[in-house]
Structure formats: C-alpha cells, structure tokens
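> Need the 3D shape of this:
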Amino acid sequence: YIKYKLKTINMKLAILTTLAASAAAFAPAQQSRVSTAIAGDARSPDGLGIDPGPLDFFDPLGLAEDTDSFARRRAVEIKHGRICQL
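Down below sits the predicted model:
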C-alpha cells in the first residue's frame, strides 16, 4: 500500500512540475527598450550616413549626389533587404 502511495505522489509531482515548466515557457519575457534611430556618422560626407570605408568614399554611379531621392533609395534598399531575409 505504501509503495502504491509513493508512486502516486511521485506521478502527481512529475505532472505538477511539467505543468509549471510549460507555463513558464509561455510567460512573456521582460525586454529592454532598444532605440532603432540611426545616428549620423562623423566620417560621412553631408551626414547621409554613408560609411566611406577604408578606401575613401565609393560611389561609382554618383547616386549620393542627388540628396533629395537618397532617403527614398535608402528606405527601399532596407525594405528589400528585410524581404530577402524572410
């Protein structure tokens, strides 16, 4: 009889710990806030955020000269990069 009681208690304890672990797995994790703002690079010409790299500024097509459409091209490039990661 005692052996049966111990098995029952052990089984109930195993079920309880399994339920507690599964409940903890779905609890929301605390996340710190991260800024997604892009800081301008001091090395960047015109403050556009372009890293000139070790060999100076590289723009063979002259696309950075048109500063009006530069923001749109950057946004489109980021969008396409994110889509490619899916």
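
> Tell me the helix or strand right after the host helix or strand of residue 17.
Taking DSSP states H and E as the criterion, residue 17 maps to helix 2-25. Heading C-terminal from helix 2-25, the first helix or strand you meet, by DSSP H and E, is helix 67-85.

> which parts of that following helix are buried?
residue 70 (16 or more other C-beta atoms under 10 Å). Every residue, glycine included, has its C-beta placed from N, CA and C.

> average pLDDT for that helix?
Mean per-residue pLDDT for helix 67-85: 84.

> and residue 63, what does it touch?
Applying C-beta atoms under 8 Å, 6 or more residues apart in numbering, we find residue 63 in contact with 70, 73.

> so how far is residue 75 from it?
14 Å (C-beta to C-beta, to the nearest Å).

> Check residue 61 too.
According to C-beta to C-beta, residue 61 stands 18 Å off from residue 75.

> next one: residue 19
47 Å.

> again with residue 33
Applying C-beta to C-beta to residue 33 and residue 75 gives a distance of 23 Å.
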